[in-house]
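Asker: quick check, what structure comes out for this input:
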Amino acid sequence: MHKWAIRNRLTWSIFDRNGPKVFVGEWASRDDRLRNAVAEAAYMTGLERNADIVHFSCYAPLLISENHPSPWRPDLIRFDNKRIAKTPNYYVQQLFAEHSGDRYFESSVTYAESTINDTLYTGSFGVGTWNTQARFRDINLESQGTTIYKEDFLSGSSNWTVLAGNFVAETGEYRQTANDQPAWSLFNQAIQLSEYSFSLKAMKTGGAEGFIIPFGYKDPQNFFWLNLGGWGNSNHAIERSVNGAKSIVGETPGSIVNNLWYDIKIEVAGGIAKVYLNSELIITTHLPDGPIATSVVKDSKTNKLSIKLVNTGDKAIPSSIVLTGIRRGSTIETVLITGDTPNLQNTLTDPVLVAPIKSGIIMEGDTIHYLIPPQSIQVLSIDTDEISALQPITTTKATVLKISPNPTSSKAYIEFPNPSQNAIGLYIFNLEGKNVINKTTISTTRSSLVLDRGSLSPGPYTIVVKTETDLYSGKLIVM
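Answerer: Numbers count the residues shown, from 1 in each chain. As a prediction, the model looks like this:
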């Protein structure tokens, strides 16, 4: 369930703005570990970003007695006769409640290197059915207006592999006559493109439901498919299977009738997939394009701007946040929820393994360089009435630095791969993601730097070096 919350955090962004308002009631991610709290926070950024549609949200359940254990574990507070433990999920709900607002600021996340989009929909494509017989023809694959592949089946089906069902190429058609659930066949060559369109004609000749059109197929456990006329021939949907667990990522009511040719087209670009049926757009789904979820709101009464950053991934990500109109010397309050492993769980005997950590950042310009820890939720709060614009958050996937000696008790030599580049920025982040060293003018003409430990306390640090065109990062242990 926690992975569902992460994948579906953008659901409300494509909701009909003229449709009914929504009360998201009695929801949870089915456990109370750090990873569940992070997933719920990511999902809640989607609720907050779409507050014009989602007017209410209700988490459940609230309380669970340890004297009467239950397999249902996403409770916010655990207790016995003498003790209580607030779960990580509780702290997320508290964080969003304490940093709410009545004005939403549009924000976006751009990645220096894509972490998901380049491969989200890559993989094999195919045709199929569910307890239905059908005929397929005129299969066409295009990318940016160029035809990549056409299939008319006049030379048979040697380019295709049947996973289940009974497929035969006859008179320019690919015919499926079995009742398998599913019956499907894949084209032998996978698509390694992040932007393409896949079109075909399909006719249902018998059976209970409709068509299954797989795409982005990587293996039997990880794929997408378009299910037309599913659920007793009542619904059209895009389903996604991740490690064997399927979820719906876009749907609309609809059915498929017998003995009628349908024009089907799937367009994908980045995290967006669009489905056209007989030239009519019926489904648009927008999946997250990276591990970072954000939401930015302002409370008009207190003039407090709250920036929520959620990292659902397993790696720390350097980020730059530009705030136009912020006075130099302004203090940004930060609250961080994270832990050593995503499985951390507060208990009655150890109730604060995961709890909010408060700190602060002094603004020295209009840009915050901030390391977003893995599996973390943080809020950056600014008391100001000088916010004139909020620039996109840029998160960067950096190339690894070579640092030696490591660990070090005095100096360390930092090398980055390209000797033709000069370092123009050095940023050092502590375990909490706080930028403890920030140098924007560095005198060097070599692909290496010498770092003096200076005032760095013992512990782990992330080192980020910026050049004219690239970003490099590495881990350093100070003894």
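Asker: where does Gly46 sit, in terms of helix or strand?
Answerer: Using DSSP states H and E, the element containing Gly46 is helix 34-49.
Asker: and that helix, what other elements does it pack with?
Answerer: helix 2-7, strand 54-59, helix 88-98, strand 292-299, strand 304-311, strand 331-337, strand 376-383 (3 or more CB pairs under 8 Å, 6 or more residues apart in numbering; DSSP states H and E). In this view, the C-beta of every residue, glycine as well, is placed from N, C-alpha and C.
Asker: which of the ones you listed is buried the deepest?
Answerer: Between the helices and strands packed on helix 34-49, strand 304-311 has the highest mean count of neighbours, a mean of 25, where neighbours are mean count of other CB atoms under 10 Å.
Asker: check the offset of it from the chain's centre.
Answerer: 16 Å (CA atoms, centre = their mean, to the nearest Å).
Asker: got the CA coordinates for the helix or strand following it in CSV?
Answerer: Remark: after strand 304-311, the chain's next helix or strand is strand 317-324, criterion DSSP H and E. Only the C-alpha atoms of strand 317-324 are listed here, as CSV (Å, rounded to 0.1, in the frame of the first residue of the first chain):
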residue,chain,number,x,y,z
ILE,A,317,19.5,14.1,-3.3
PRO,A,318,21.3,17.6,-3.4
SER,A,319,18.8,20.3,-4.2
SER,A,320,18.7,24.0,-4.9
ILE,A,321,15.6,26.1,-3.9
VAL,A,322,15.4,29.6,-5.2
LEU,A,323,13.3,32.1,-3.2
THR,A,324,13.0,35.5,-4.8
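Asker: average pLDDT across the helix holding Gly46?
Answerer: Model confidence over helix 34-49 averages 92 on the pLDDT scale.
Asker: centre of the chain to it, how far?
Answerer: Taking the mean of its C-alpha atoms, helix 34-49 sits 11 Å from the chain's own mean (CA atoms, centre = their mean).
Asker: what angle separates it from helix 88-98?
Answerer: Angle between the axes of helix 34-49 and helix 88-98 is 20 degrees (criterion: axes from the mean of the first three to the mean of the last three CA atoms, to 10 degrees).
Asker: list the buried residues of helix 34-49.
Answerer: 34-49 (16 or more other CB atoms under 10 Å).
Asker: got it, and stretch 259-266?
Answerer: For stretch 259-266, by 16+ other CB under 10 Å, it's Tyr262, Ile264, Lys265, Ile266.
Asker: pull the most distant pair out of those residues.
Answerer: Tyr262 and Ile266 (12.8 Å; CB to CB).
Asker: bridging residues for Thr462?
Answerer: Taking DSSP bridges as the rule, Thr462 bridges to Phe429, Lys475.
Asker: and it, what's its pLDDT?
Answerer: Thr462 carries a pLDDT score of 74 in this model.
Asker: begin at 38 from now on, thanks
Answerer: With the count now opening at 38, the last piece we talked about shows up as Thr499.
Asker: do you know the pLDDT at Ser457?
Answerer: Looking at Ser457, its pLDDT stands at 58.
Asker: mean pLDDT lowest where, among the helices and strands packed on helix 71-86?
Answerer: Here the lowest mean pLDDT among those goes to helix 39-44, at a mean of 76.
Asker: could you list the low-pLDDT ranges of the stretch 288-437 of the chain?
Answerer: The stretch 288-437 of the chain contains residues with pLDDT under 70 at 307, 325-326, 361-363, 421-437.
Asker: make it 90
Answerer: For the stretch 288-437 of the chain, the stretches with pLDDT under 90 are 288, 306-309, 321-331, 333, 335-342, 350-371, 376-378, 395-411, 418-437.
Asker: hang on, the earlier thing: and the helices and strands packed on helix 71-86: which comes nearest Asn315?
Answerer: Taking CB to CB, helix 39-44 is the member of the helices and strands packed on helix 71-86 nearest to Asn315, at 28.7 Å.
Asker: now the element after that closest one, going C-ward?
Answerer: Using DSSP H and E, the first helix or strand after helix 39-44 is strand 59-64.
Asker: who's in contact with that next one?
Answerer: Trp49, Phe52, Leu84, Ile90, Val91, His92, Phe93, Ser94, Cys95, Tyr96, Ala97 (CB atoms under 8 Å, 6 or more residues apart in numbering).
Asker: switch the cut-off to 6 Å
Answerer: Outside strand 59-64, the residues that touch it by CB atoms under 6 Å, 6 or more residues apart in numbering are Ile90, Val91, Phe93, Ser94, Cys95, Ala97.
Asker: residues in contact with the second one?
Answerer: When the contact criterion is CB under 6 Å, 6+ apart, the partners of Val91 are Trp49, Val59, Val61, Leu84.
Asker: settle this for me: Ile419 is touching Ile344, isn't it.
Answerer: No - contact between Ile419 and Ile344 fails when scored by CB atoms under 6 Å: they sit 7.9 Å apart.
Asker: list the buried ones in stretch 391-403?
Answerer: Val391, Pro393, Ile398, Met400.
Asker: which residues does the second one contact?
Answerer: What that stands for is Pro393. Pro393 neighbours (CB under 6 Å, 6+ apart): Tyr128, Val372, Ile374.
Asker: one step back: format the contacts of Val91 as TSV; extra columns: distance to Ser144.
Answerer: Conversion of the contacts of Val91 to TSV gives the following (distance: CB to CB, whole Å):
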residue	distance to Ser144
Trp49	15
Val59	21
Val61	21
Leu84	15
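Asker: can you list the domains in the protein?
Answerer: Listed domain ranges for the chain are 39-139, 154-323, 329-432, 436-515 (source: automatic domain parsing).
Asker: show me the one of the ones you listed that comes nearest Val146.
Answerer: domain 329-432 (5.0 Å).
Asker: gap between the closest one and the chain center?
Answerer: Per CA atoms, centre = their mean, the centroid offset for domain 329-432 relative to its chain is 18 Å.
Asker: cool, and stretch 193-208?
Answerer: The answer for stretch 193-208 is 36 Å, by CA atoms, centre = their mean.
Asker: pull out the buried residues from that stretch.
Answerer: Ser194, Trp197, Val199, Leu200, Gly202, Phe204, Ala206.
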